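Chemist: predicted model and sequence below, questions to follow.
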Amino acid sequence: MNPLWGSERSNADAHQLDACAISQQHSYGPCHPEISNLGVDADHLVGKQEFCYNWTHPDEPCRNMWHHFTAAELGSDPAGQSSASTEATYNTLPNDGFVAIIIPFFSETYLPYEEGSTPEEVTDYRQHAFNVSRGTSRPNFFCVRLSWNGIAVEQLCDPNDPETGRTTGRVLSRFTSFSLTFFHPAAHSVSSKAIPKRHAANRMLQFWQDMKSAQFVDYQTRVLSFTLPVRANHVKVKNRLTMMLQLTSLGGVLPSFELQSRVDTVDYEYVFTVLMLNLALVIMFVMNEAIEAWDDGFVEYFTKYVDAV
């Protein structure tokens, strides 16, 4: 019998109880703790070694292994990500781990296919990406920047059909084509000869399929976090949606999400004007109360309940 379960549980030390919080009869070996119970304190249990399964050549390592990043390296909150799962009692999930990144964007100019072992080897898309708040380019081409492991990068654009100006599906995946392809700016098109044949269509869909084949999610996975920063350009509002899937050691899945919204562009001159007016009102009321305290006497003033409040 495992001492962490049943009647022998009272003999276990505090660290063991934190690792295995469920009490019931168990006779099938050691207790494997749930990361969701420990939150950011589970760092000592997290496997940080590089991993990847080469499904085409099983005896050889992958060209680009998944690399572990700390929360600081990812620019995320080191205190962790708050879960909204009632089943997991609103626990906190660690923000470090292994990443795969997809950045779709519109570009004014056609960017030829590129790939590199580091981000610096590929053209910086931010110099060409369409953004209403920046107002620097036109959305002529639909492109995507992909990173398999947060280090290696590839980038490509849809050349658009030369006759209709519509996208050809070279970038899109099946589950995003409905929501994105109905937006078609001016009929710009270019030759597609510069794009490798293996990326002839549905590159994002192939990206997800390759991750599945390389076993990005396996029996050791405890948390999957999908972060989607979305901008509504026409109203200048951006949202950050975080969808979390907590995977238990028994195969259960606990879903939850968090949505944050903010105004993308702010008239700071107007905001600071309002703040200065508020500051002036605060100073006026402080001076008014100071005069009243001087006239009444400080002892009498502060012994009055209303004044004290």
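Modeler: On my side now, so go ahead.
Chemist: before we move on, what SS does residue 131 have?
Modeler: Put simply, residue 131 is coil when judged by DSSP: H, G, I helix; E, B strand; the rest coil.
Chemist: surely it is in contact with residue 233?
Modeler: Yes. Counting by C-beta atoms under 8 Å, residue 233 is a contact partner of residue 131 at 7.3 Å. The C-beta positions use only the backbone N, C-alpha and C, and glycine is treated the same way.
Chemist: burial measure for the spatially closest residue to residue 62 that is not a sequence neighbour, as a count.
Modeler: Nearest residue to residue 62, sequence neighbours excluded (C-beta to C-beta, 6 or more residues apart in numbering): residue 52, at 3.6 Å. When neighbours are defined as other C-beta atoms under 10 Å, residue 52 has 19 of them.
Chemist: for residue 52, give its distance to residue 63.
Modeler: Going from residue 52 to residue 63 by C-beta to C-beta, to the nearest Å gives 9 Å.
Chemist: who's the residue nearest the centre of the chain bridged to?
Modeler: The structure's the chain has its C-alpha centroid closest to residue 227; by C-alpha atoms, centre = their mean the separation is 2.7 Å. Applying DSSP bridges to residue 227 gives these bridge partners: residue 242.
Chemist: which residues of the stretch 101-250 of the chain fall in helices?
Modeler: Taking DSSP state H, counting those that start in this stretch as the criterion, the stretch 101-250 of the chain carries its helices at 174-180, 203-213.
Chemist: rank those helices by pLDDT, which is bottom?
Modeler: For these, the weakest mean pLDDT is recorded on helix 174-180, namely a mean of 31.
Chemist: shaky segments in the stretch 51-200 of the chain?
Modeler: Scanning the stretch 51-200 of the chain with the threshold set as pLDDT under 70 gives 132-136, 173-200.
Chemist: and with 90 instead?
Modeler: Residues of the stretch 51-200 of the chain meeting the criterion pLDDT under 90: 71, 74-96, 104-106, 108-109, 126-140, 161-200.
Chemist: measure stretch 300-309 end to end?
Modeler: Start-to-end span of stretch 300-309 (C-alpha to C-alpha, to the nearest Å) is 14 Å.
Chemist: test my guess that residue 159 contacts residue 110.
Modeler: Yes. Using C-beta under 8 Å, residue 159 is in contact with residue 110, at 6.5 Å.
Chemist: residues contacting residue 83?
Modeler: Residues in contact with residue 83 (C-beta atoms under 8 Å, 6 or more residues apart in numbering) are 36, 90-93, 244, 246, 254, 256.
Chemist: and the chain, what are its domains?
Modeler: Following automatic domain parsing, the chain resolves into domains at 97-263, 268-308.
Chemist: for the first one, measure first residue to last.
Modeler: By C-alpha to C-alpha, the extent of domain 97-263 from end to end equals 30 Å.
Chemist: ok, stretch 105-121 next?
Modeler: Using C-alpha to C-alpha, the two ends of stretch 105-121 sit 19 Å apart.
Chemist: check stretch 257-268 too.
Modeler: Stretch 257-268 stretches 31 Å from its first residue to its last (C-alpha to C-alpha).
Chemist: could you do stretch 245-264 as well?
Modeler: Across stretch 245-264, first to last residue, C-alpha to C-alpha, it's 28 Å.
Chemist: can you pull the buried residues of that stretch?
Modeler: Across stretch 245-264, burial judged by 16 or more other C-beta atoms under 10 Å covers 245-248, 254, 256, 264.
Chemist: on that earlier part again, farthest-separated two in the contacts of residue 83?
Modeler: Pairwise distances among the contacts of residue 83 were taken by C-beta to C-beta; the largest, 13.5 Å, belongs to 92 and 254.
Chemist: what secondary structure does residue 56 sit in?
Modeler: Following three-state DSSP, the label given to residue 56 is coil.
Chemist: next, count neighbours for residue 56.
Modeler: Residues lying near residue 56 (other C-beta under 10 Å) number 9.
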